[in-house]
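Visitor: Have a look at this prediction, sequence included:
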Amino acid sequence: MNIELRDDIHERKQIELLVDTFYGKVRVDPLLGGVFNGIIRDRWPEHLAKMYRFWGTVLTNEGSYTGSPVRPHLDMPIGAEHFERWLQLFHATVDELFEGPVAQLAHRNADRMAEMFQDRIARYRDQPQRFIQ
C-alpha cells in the first residue's frame, strides 16, 4: 500500500509552493483569471512576491509583510461569487499540498479574510466618502 503523507507548512519554500500553485490556478480560472490578469497584467512576479510575504507573515510569523491588504481590492469588479471561487481554489490547493495545524490555519485565515474583505468592500461601495479601513 502506498500512502502519501503531506507535510505541514513550516518554511518559506512551502509558502512559495502554495502561492505559486494557487495563483497558477487563479490565472486560468474562467471567473477569476480575467479579473486578476486584467489588473495585475505583467506584474505577476511582484504580486507573487507580495503574496509570499503576506502568507509567510500570516502562517509562519515571518513578519515580512507590511501594507493594507484590503485597499487594492476596493475598486475591483468582484462580488460574492468571486470570493466563493477564490476560496474553493485556495482550499483545494492547501488540501492538495499540505496537512497539519498550519494548513488548517491557512483555511481559517482564508475564510476570515474573504468575509472581512467582502464586508469592507460592501461598506466602501455603500459610502466611499466615509470609508475607514
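Guide: Yes, it's here.

Visitor: those helices in the chain, which residues are they?
Guide: 12-28, 33-40, 44-60, 80-97, 101-126 (DSSP state H).

Visitor: hmm, who's touching stretch 25-39?
Guide: 23, 44, 76-78, 81-82, 85-86, 89, 92-93 (CB atoms under 8 Å, 6 or more residues apart in numbering). In this view, the C-beta of every residue, glycine as well, is placed from N, C-alpha and C.

Visitor: With stretch 102-122 instead?
Guide: Taking CB under 8 Å, 6+ apart as the rule, stretch 102-122 contacts 6, 8-10, 18, 55, 58-60, 69-70, 73-74, 78, 80, 83, 86-87, 90-91, 94-95, 98, 131, 133.

Visitor: Apply 6 Å and report the result again.
Guide: 8-9, 58-59, 70, 73, 83, 87, 90-91, 94 (CB atoms under 6 Å, 6 or more residues apart in numbering).

Visitor: Any chance of the helices of the chain in CSV with mean pLDDT as columns?
Guide: Formatted as CSV, the helices of the chain follow (pLDDT from 0 to 100):
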stretch, mean pLDDT
helix 12-28, 98
helix 33-40, 96
helix 44-60, 97
helix 80-97, 98
helix 101-126, 96
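
Visitor: What is the neighbour count of Gln129?
Guide: As a burial measure, Gln129 scores 5 neighbours (other CB atoms under 10 Å).

Visitor: try Glu84
Guide: 13.

Visitor: shift numbering so it begins at 2
Guide: Let's use 2 as the start, then, which means that last one is Glu85.

Visitor: gap between it and Val29?
Guide: Per CB to CB, to the nearest Å, Glu85 is found 18 Å from Val29.

Visitor: Looking at the contacts of stretch 103-123, state which has the most neighbours.
Guide: Using other CB under 10 Å as the neighbour criterion, Ile10 leads the contacts of stretch 103-123 with 25 neighbours.
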